[in-house]
Structures are given as structure tokens and as C-alpha cells.
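In: build me a model from this:
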Amino acid sequence: MIDLTNKIVVVTGGEGFLGRAVCDALARKEAIPVVLSHKQINLLDLGETIRFFLDTSADYCIHCAGYNGGIEFNQMYPADILYTNTIMGLNLYHACEYAQIKKLVSIMTSCAYPDTGMEDLKEDTFWNGQPNKTIRAHGIAKRTLQAATEAYKSQYDFNSVSVCVTNLYGPYDTFNLIRTKVVGALVRKFVEAQIEYELEKDRLIRSDLDPSESEKPSVECWGTGKPRREFMYVDDAAEGIVQALQKYDDDSSPLNIGTGEDITIKELVDYIVNAVGYEGETFWNTDKSDGQLKKLLNVSKMQQFIQIDPTSIEEGLQKTVAWYITNKKIADARK
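Out: Below you'll find the model as predicted:
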């Protein structure tokens, strides 16, 4: 196992949702995380990326940076998503190998897996088909990271691995409705609807009117609510990623990092309603796509290498909602 004490670890996307949590997890292991954000260098520029790593004298790198969003964002900008993530990833592999970084961990998502219907997603099925068409550009771009892991090992004997994380949620997530994914979008919708409802009740009270006359809010949810998804609290995933840096060395196969449990989107909505204290109704817009029917990572391989005390979805959503309400203005503006 790699001892990270006083080791310099570059974290791409270190100011972002997952990257921030990875930096915190590294600090708990007494490593020295170095944040690499788009404000510092452009990962689409190979020369600039190489110079950064040569100047930093880093020991390791964890690649968390990415350009993505929910289903609608993926359908609006597939070319940008494919180009940005692919070039960024390949430049990073080339720069890390050139600068003799000791190990690179690349973060993929479950969208890189083939759409296998209702089967769990196992590492040995990674290449057995195409990703779901609603997120195919992003999925193929992320697959490039595993291909690069194998290619750079074969040609340069470069030490890298890829890990595949499930759907993440938690504080510092993206709540901008253009870029956010399912948990962020639903939390924002239900919080805003409840805030408006409470403001309307207060207005009626100040006008000496009966607050019970206030019209109940209604929140639109997309799809049928039937698809099954796996959700993992971001701090748990970050701990798993850092442990993968320390312990996982199979470059021939990605490592799944997830909870091994899934729920329906309808159940997710119920959890969020409880966390928010929402008092209104919900409406399911079935004209919107459900996407893949099921995405659940098989974590039997993960359990051989990584030990995580998982956060329950109830506790995780309570923390997420509380953070969002406290930081709403900043959270809504983040892209």
C-alpha cells in the first residue's frame, strides 16, 4: 500500500464537486493535495499541461476534471462533451508519463458502461457494447481513459488505473439547472417550491388572512420515476478513490466504486421531499426521457481493496439539502 504522508498529489478539477472532496480525503491521509483547475492551466493545451507537471514535481495525480451534465445537457452538447473530455484526458496521460508521475488515477463514471438493461455493471463487461444513446458521447469519452491506461502501460510502462464511480451527490454539487444532474436538479426544485410556499403563507399572515388558503406548490419531475439508480455520497466516493490510489494496481480493468444498492427515481424523490420538508404535490412529465432503465455497479471487486463506512441516503440528502439552503445563491451560480 502506498504511504501518502507528505506526498504531493495533483488533483485535476480540485475546486469542483468531487475534486474538493478528494483533496479533503488526501489531507486526512497527510498527503499534500495540489489543486489543478481550469483557472490555472488549460488541460486542452498539451504543452501547458506538461509544463505544469514538470514545475510541480508531483508524486501522483488524480484526474477528477470533467465537462458534463444531466441527460438534457448531454443531448444538447455531445460534440463539446466528447472533444473536451477526450483531449483533456489524453493530454493528462501524456503529460504525467512525460513528467514521470509515479501513478495516475483516472475517474470514469457508470455512463461509460454498455447499456445492459437490468443487469449489474461488472468490470469484465466494460467493453461489451455501447453506452446508452442519451449519454453516449460522454460515455465514450470516459472510456478513452481506460483505453489510455492500457495503452500507456503497454508502450511506456506507465503506472495508471481507472476507477468508475456511480452517481454522486452532496455539498458543493452543481445546482445550476443547465449543468446539474438528477439529485441537484430535484433538490433545487423542491427547495425553491417550498421556499415560495412559505413566503406566500407569510404574506397571507401579514395581511391578516388564513395561511391555509395558500395554494399548494407542484414540482415537475422528469420521466416515469421507474428507472433504478445507485447514489453515493461524495465524501465516501472520495475516500474510495484515494484508497484506490494506495491499493489498486490492475491497469487491465477499471475498478467500480459505489454502494452496490439502487433505488427508483420515485424513491429518490420521496427521500428528497422528506429532507426538504416539502408540503406540495409532484407531477411526472413522461414526455421527458427516462434514460437507461438501470445503472448499478457491481462492487464485489471493490470490496477486496477498499473499506468505506457508507453514508445512508437519508443522512446524505439531509446534509446536501442543509448545505444547499445555506449556500443557495452561490450554489445556483456555479457551472
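In: CA atoms for contacts and neighbours, from now on please.
Out: OK.
In: how about the spatially most central residue of the chain: what's its closest non-neighbour residue?
Out: In the chain, the residue lying closest to the centroid (Cα atoms, centre = their mean) is Leu168, at 4.5 Å. Residue nearest to Leu168 in three dimensions, not counting chain neighbours: Met232, with 4.9 Å by Cα to Cα, 6 or more residues apart in numbering.
In: and the helix or strand where that neighbour lies, how far out from the chain middle?
Out: In this structure, Met232 sits in strand 231-233 according to DSSP states H and E. How far strand 231-233 lies from its chain's middle: 9 Å, per Cα atoms, centre = their mean, to the nearest Å.
In: run through who's touching it.
Out: Thr166, Asn167, Leu168, Tyr169, Gly170, Gly258, Thr259, Asp262, Pro310, Thr311, Ile313, Gly316 (Cα atoms under 8 Å, 6 or more residues apart in numbering).
In: quick one: strands adjacent to it?
Out: strand 167-169 (parallel) (DSSP bridges).
In: any idea how far the partner strand is from the chain center?
Out: On Cα atoms, centre = their mean, the centre of strand 167-169 falls 5 Å from the chain's centre.
In: next: stretch 162-173.
Out: 3 Å.
In: what are the buried residues along it?
Out: Ser162, Val163, Cys164, Val165, Thr166, Asn167, Leu168, Tyr169, Gly170, Pro171, Tyr172, Asp173 (16 or more other Cα atoms under 10 Å).
In: and the last one, how far is that from Asp208?
Out: Going from Asp173 to Asp208 by Cα to Cα, to the nearest Å gives 40 Å.
In: cool, the fourth one as well?
Out: Note on Val165: its distance to Asp208, by Cα to Cα, is 53 Å.
In: which outside residues touch stretch 291-308?
Out: So stretch 291-308 is in contact with 71, 110, 115, 117-123, 132, 134, 166, 226-230, 236, 239-240, 243-244, 247-248, 255-262, going by Cα under 8 Å, 6+ apart.
In: hmm, which of these are the buried ones?
Out: 71, 110, 115, 121-123, 132, 134, 166, 227-230, 236, 239-240, 243-244, 248, 255-260, 262.
In: what residue ranges in the stretch 101-250 of the chain score low on pLDDT?
Out: Low-confidence segments of the stretch 101-250 of the chain, defined by pLDDT under 70: 118, 213.
In: strands of that one, start to end?
Out: Using DSSP state E, counting those that start in this stretch, the strands of the stretch 101-250 of the chain run over residues 103-109, 160-165, 167-169, 218-222, 228-229, 231-233.
In: dump those into JSON lines; add distance to Arg188 as well.
Out: What follows is those, written out as JSON lines (distance: least, Cα to Cα, whole Å):
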{"stretch": "strand 103-109", "distance to Arg188": "23"}
{"stretch": "strand 160-165", "distance to Arg188": "23"}
{"stretch": "strand 167-169", "distance to Arg188": "13"}
{"stretch": "strand 218-222", "distance to Arg188": "10"}
{"stretch": "strand 228-229", "distance to Arg188": "19"}
{"stretch": "strand 231-233", "distance to Arg188": "17"}
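In: state the number of residues packed around the closest residue to Tyr248 other than its chain neighbours.
Out: Distance criterion Cα to Cα, 6+ apart; nearest residue to Tyr248, sequence neighbours excluded, is Phe305 at 6.8 Å. Using other Cα atoms under 10 Å, Phe305 has 14 other residues around it.
In: what's the pLDDT at Phe305?
Out: Predicted confidence (pLDDT) for Phe305: 92.
In: all numbers from here: first residue = 4
Out: Will do, 4 is the new start, and the previous item becomes Phe308.
In: neighbours around Arg209, how many?
Out: Arg209: 11 neighbours (other Cα under 10 Å).
In: which secondary structure elements does the lengthiest helix in the chain contact?
Out: Under DSSP state H, the helix in the chain containing the largest number of residues is helix 185-209. In terms of contacts (3 or more Cα pairs under 8 Å, 6 or more residues apart in numbering; DSSP states H and E), helix 185-209 is packed against strand 221-225, helix 268-279, helix 316-329.
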